[in-house]
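*Asks:* Give me a model of this one.
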Amino acid sequence: MNNSAGNTVRLLWAGLRALLVLTIVCGVIYPLAVTGVAQGILPDKSNGSEITANGKVVGSELIGQRYDLPLKKGEETAAPDLKWFQPRPSNGLGTNGVNTQYKLILSGATNRSGDNKDLIDWVTAAKAAVVKDNSVPGHPVSPSAVPADAVTSSGSGLDPDISPQYAQLQVRRVAERNHLGVDQVEKLVEQHTDGRILGFVGEPRVNVLQLNIALKELVNGG
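*Replies:* Below is the predicted model of the structure:
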């Protein structure tokens, strides 16, 4: 009986020591080591790929943002502020059934098939809005010129980039709203267009936040 109790105590003590050692190694030493290496080698990436403007963090190059006008009384969805380049649509705006204080941008795709009526209606309405918003006097936008990323959300709903085609489609509207020359805005788009990764991975893209920061600097005479 005493031997059995003694063995149990020894096993419990061994288990406790293993728990303490693994907690220190895996829960303290390893995270600190990984964090230290990441901060030393890739400080920008390890801190969330933050984007700064005028010394302040204004977002991340990995997460898309909306550029909307203030929500008016009676509106459920704010209208886009058309002086800025607009991102891809996001169908992730939703409410949390537990947290009743906030509206959250929920990451996730709509998961609807290509022949789903709701999806077809959304795309049709989005295309009509893109054509209307970006048509300027003397330069109407053809529905056939609207790229897919202008009317569909990404898999996460938080894509920070748009295609060069969608950015180019917005150039005349942005130029007109900000009293700039079309050539000035086109140059901004060209400067903020990134090519394929390693020359063959992915598609050319334009980071909307970085482009709008540059636009603001141009408007302010920077």
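*Asks:* which regions of this protein sit below the pLDDT cut-off?
*Replies:* 1-2, 91-111, 222 (pLDDT under 70).
*Asks:* Tell me which stretches of it form helices.
*Replies:* Ranges of helices in the chain, per DSSP state H, are 2-24, 30-41, 43-46, 117-134, 164-177, 182-191, 208-219.
*Asks:* Can you lay out those helices as a markdown table showing distance to residue 74 and mean neighbour count?
*Replies:* No exception for glycine: its C-beta is placed from N, CA and C like everyone else's. Shown next, in a markdown table, are these (distance: least, Cβ to Cβ, whole Å; neighbours: other Cβ atoms under 10 Å):
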| stretch | distance to residue 74 | mean neighbour count |
| --- | --- | --- |
| helix 2-24 | 55 | 10 |
| helix 30-41 | 47 | 11 |
| helix 43-46 | 43 | 12 |
| helix 117-134 | 19 | 15 |
| helix 164-177 | 25 | 21 |
| helix 182-191 | 33 | 16 |
| helix 208-219 | 28 | 20 |
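*Asks:* Of these, which is nearest residue 153?
*Replies:* helix 117-134 (9.0 Å; Cβ to Cβ).
*Asks:* Report the distance from that closest one to the chain centre.
*Replies:* Averaged C-alpha coordinates place helix 117-134 at 21 Å from its chain's average position (Cα atoms, centre = their mean, to the nearest Å).
*Asks:* helices or strands up against that helix?
*Replies:* If contacts are counted by 3 or more Cβ pairs under 8 Å, 6 or more residues apart in numbering; DSSP states H and E, helix 117-134 sits against helix 164-177.
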